[in-house]
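In: fold the following and give me the result.
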Amino acid sequence: MNIAFETFTEKHIEEAVKLALAELEAERTHCPDLPCGDFSEQLTGMLHWLSSQPFGKAALCDGKLVGYLVFAGPWDGFFGDVKGVFSPLGGSAFSYEYQNRGRLASMLFASVSEDFVKQAVYSCALSRYAHDEETTRSFMLNGFGIRCSDAVRKISGFALSHYPGSIHFVELPSEEFERIRKLRNGLVKHLERAPIFYPTDMERYEQWFMKGDLRVFAAEKDGEIIGFISLEDDAENFITEHATMKNICGAYFDENHRETGMAQALLAFIVDMLKTEGVTHLGVDCETLNPTALNFWGKYFETYTYSFARRIDERIVL
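Out: Alright, predicted model coming up:
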């Protein structure tokens, strides 16, 4: 089949949404805890925005859209000291009617990456469904590595208990968020160490404390906060915008109080509270480079996305 590539524009959006929804339904067969609902509106809005971005390609076979790949950006200092671009979940999709989706993904990446490298963009990342093995293999063979993931669990699917003991669990009012600053600083230092090597933008770090939808749950012992888990309404992709879904956006526990079941107990406390609020799903995103976080969240949540990153050697000149 002959494939033609052209710039992704608004004229492709209607067909693109159908391709994106088909990929979502395919992932749901592997991860049934994904929230149900019609995400057409979220995808349409996102693709309208992406169609205004400078780096996007559509693949057509006999005039029919069979795939697309669109990146937002560029931004300075994106996973390094170079300009970079990002394709969010739903920013790419590849038709299941096409006989070789992995090859299609590779051809689309070749087409769009030629454009952004011409403009000195040397870092790129994209989010894809975790169980789409065909395109995952394609992107990894194109030099991408997995960097982070999103995971989910139905609230009704948790089987946790929290113990009273000497530890008190509480949701902090916003005026007390500063009480977790020491632990937040510990998280920053943890992420900077091997094997993660993740730097922190200190300006964004300070803004975190002022987010309007931020909720902070804490474990307290003898008047001292020894662990916290924070929640937000939305997170890293359009699925997290579901009306009855909340998302874990940060967590850290004092090293002297680990391996005690405290983290699980605080999670249980949060789940019990969310049940009373009518929340149906809880999500979490974490760096897969962080083995501590990956091991803990992996016990309770099902991964449904991976984000991939690639650094292109900036010595290349096209």
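
In: could you use CA atoms for every contact and neighbour count after this?
Out: Fine.

In: so what's residue 184 closest to, chain neighbours aside?
Out: residue 252 (7.1 Å; C-alpha to C-alpha, 6 or more residues apart in numbering).

In: so the one you found: helix, strand or coil?
Out: strand (DSSP: H, G, I helix; E, B strand; the rest coil).

In: report the contact partners of it.
Out: 183, 184, 186, 187, 227, 228, 229 (C-alpha atoms under 8 Å, 6 or more residues apart in numbering).

In: just the helices from the stretch 151-300 of the chain, written as ranges.
Out: Using DSSP state H, counting those that start in this stretch, the helices of the stretch 151-300 of the chain run over residues 181-192, 202-208, 262-276, 291-298.

In: quickly note the distance from the residue most central in space within the chain to residue 249.
Out: Nearest to the mean C-alpha position of the chain, counting by C-alpha atoms, centre = their mean, stands residue 236 at 4.2 Å. Using C-alpha to C-alpha, to the nearest Å, residue 236 is found at 9 Å from residue 249.

In: name the residues contacting each of the two.
Out: With C-alpha under 8 Å, 6+ apart as the test, residue 236 and residue 249 both reach residue 285.

In: low-confidence bits of the protein, can you list those?
Out: 1, 162-164, 318 (pLDDT under 70).

In: quick one, strands of the stretch 51-200 of the chain?
Out: 55-61, 64-75, 83-87, 92-94, 121-129, 145-154, 168-172 (DSSP state E, counting those that start in this stretch).

In: quick one, which of those strands is packed in tightest?
Out: Among those, strand 92-94 has the highest mean neighbour count (mean count of other C-alpha atoms under 10 Å), at a mean of 26.

In: and it, how far from the chain's centre?
Out: Per C-alpha atoms, centre = their mean, to the nearest Å, the displacement of strand 92-94 from the mean C-alpha position of its chain is 17 Å.

In: and stretch 288-303, by the same measure?
Out: Distance of stretch 288-303 from the chain centroid (C-alpha atoms, centre = their mean) equals 13 Å.

In: for stretch 182-193, same thing?
Out: On C-alpha atoms, centre = their mean, the centre of stretch 182-193 falls 20 Å from the chain's centre.

In: stretch 3-19 now?
Out: 24 Å.

In: CA atoms only: put it into CSV for me.
Out: Output of stretch 3-19 as CSV, limited to C-alpha atoms (Å, rounded to 0.1, in the frame of the first residue of the first chain):
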residue,chain,number,x,y,z
ILE,A,3,1.4,5.9,2.0
ALA,A,4,1.4,9.7,1.5
PHE,A,5,2.5,12.0,4.3
GLU,A,6,1.3,15.6,4.8
THR,A,7,1.1,18.2,7.5
PHE,A,8,-1.4,17.4,10.2
THR,A,9,-4.2,20.0,10.1
GLU,A,10,-7.7,20.5,11.4
LYS,A,11,-9.1,18.6,8.4
HIS,A,12,-7.7,15.4,9.9
ILE,A,13,-9.1,15.8,13.4
GLU,A,14,-12.4,13.9,12.9
GLU,A,15,-10.7,10.8,11.6
ALA,A,16,-7.8,11.1,14.1
VAL,A,17,-10.2,11.0,17.0
LYS,A,18,-11.6,7.7,15.7
LEU,A,19,-8.1,6.3,15.5
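
In: what residues does that stretch touch?
Out: With C-alpha under 8 Å, 6+ apart, stretch 3-19 has contacts from 40, 43-44, 47-48, 51-52, 56-62, 65-68, 70, 93-95, 108, 111.

In: break the chain into its domains for me.
Out: 4-149+307-311, 159-299 (automatic domain parsing).

In: out of the ones you listed, which one sits most buried?
Out: domain 4-149+307-311 (a mean of 19).

In: ok, residue 265 to residue 160 distance?
Out: From residue 265 to residue 160 the distance is 7 Å (C-alpha to C-alpha).

In: just residue 35 next, same as before
Out: Taken as C-alpha to C-alpha, the span from residue 35 to residue 160 is 21 Å.

In: same question for residue 145.
Out: 33 Å.

In: next: residue 212.
Out: 29 Å.

In: give me the beta-bridge partners of the residue nearest to residue 184?
Out: residue 228 (DSSP bridges).

In: that older thread, can you tell which of the helices of the stretch 151-300 of the chain is closest to residue 133?
Out: Closest to residue 133 of these, according to C-alpha to C-alpha: helix 291-298, at 19.2 Å.

In: the closest one vs helix 262-276, what angle?
Out: 40 degrees (axes from the mean of the first three to the mean of the last three C-alpha atoms, to 10 degrees).

In: need the domains of the chain in TSV with distance to residue 317, can you?
Out: Shown next, in TSV, are these (distance: least, C-alpha to C-alpha, whole Å):
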stretch	distance to residue 317
domain 4-149+307-311	7
domain 159-299	28
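
In: now residue 187, nearest residue through space, not along the chain?
Out: residue 252 (6.1 Å).

In: out of the contacts of residue 252, which one sits closest to residue 205?
Out: Among the contacts of residue 252, and counting by C-alpha to C-alpha, the member closest to residue 205 is residue 184, at 9.1 Å.
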